[in-house]
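Trainee: Sharing a model that was predicted from the sequence below.
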Amino acid sequence: MATKNEIQEIRLALFGPSASGKTTFLASYFGNQQRNSFEETHGYRLEADDVSDGNQLLSRYFKMEKGEFPLGTEQFAEYSFGFKVLGMHEAGLRVVWYDYPGGWWEKTPKDDSEKEARSIAFEKLLTSHVGILLVDGLRCQTEGLPYVRHLFDQFKK
């Protein structure tokens, strides 16, 4: 059990192949919460622990508003946020969001360094409290169960 000064943490990972929208979802979720109207309406918001991470995600969000979607992620990234409730001075919960290149599980590692990076990332992903698998609805509808099996097969270590 956490003491009064410790902040509980929840780790979150979106799973999906390359171009499934993992990074886009993260940027849009974070960016939307940065508007004052969001906090006023919903009573909370995420605040990036690292200002440069927050600025990068916000930049991606604003580009999406203009129709420019983020490029695919090239390496594993860990974003940490404070979950701030309206009227509280400190974050009551820490949210750690993992992002990774979906293509990693679609092809063979290019070298030992990438193989090691994938292994470390996979171990971190397995520590997530919440894991969400992004499924391409159109592909699922047209290809059926073989497509879903293919998705799960990509995550073998």
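Mentor: Received the coordinates, thanks. Numbering: from 1, shown residues only.

Trainee: what's the following helix or strand after the host helix or strand of residue 26?
Mentor: Counting by DSSP states H and E, the element that carries residue 26 is helix 22-33. On the C-terminal side of helix 22-33, the closest following helix or strand by DSSP H and E is helix 36-42.

Trainee: what comes up buried for that next one?
Mentor: Residues of helix 36-42 classed as buried: residue 39 (neighbour count, 16 or more other Cβ atoms under 10 Å). Backbone N, C-alpha and C define where each C-beta goes, glycine included.

Trainee: which helices and strands does that helix pack with?
Mentor: Helices and strands in packing contact with helix 36-42 are not found; criterion 3 or more Cβ pairs under 8 Å, 6 or more residues apart in numbering; DSSP states H and E.

Trainee: downstream neighbour of that helix in the secondary structure list?
Mentor: Next along from helix 36-42, by DSSP H and E: strand 44-48.

Trainee: all helices for this protein, in order.
Mentor: 22-33, 36-42, 51-65, 112-125, 137-143, 145-153 (DSSP state H).

Trainee: where's stretch 82-93 relative to the chain centroid, distance-wise?
Mentor: Distance, stretch centre to chain centre, for stretch 82-93: 20 Å (Cα atoms, centre = their mean, to the nearest Å).

Trainee: outside of that stretch, which residues touch it?
Mentor: For stretch 82-93, contacts defined as Cβ atoms under 8 Å, 6 or more residues apart in numbering pick out 7-10, 39-40, 43-47, 49, 81, 94-95.

Trainee: Out of the residues you listed, grab the one that's most surrounded.
Mentor: Sorting the contacts of stretch 82-93 by how many neighbours each has (other Cβ atoms under 10 Å) puts residue 46 first, at 25 neighbours.
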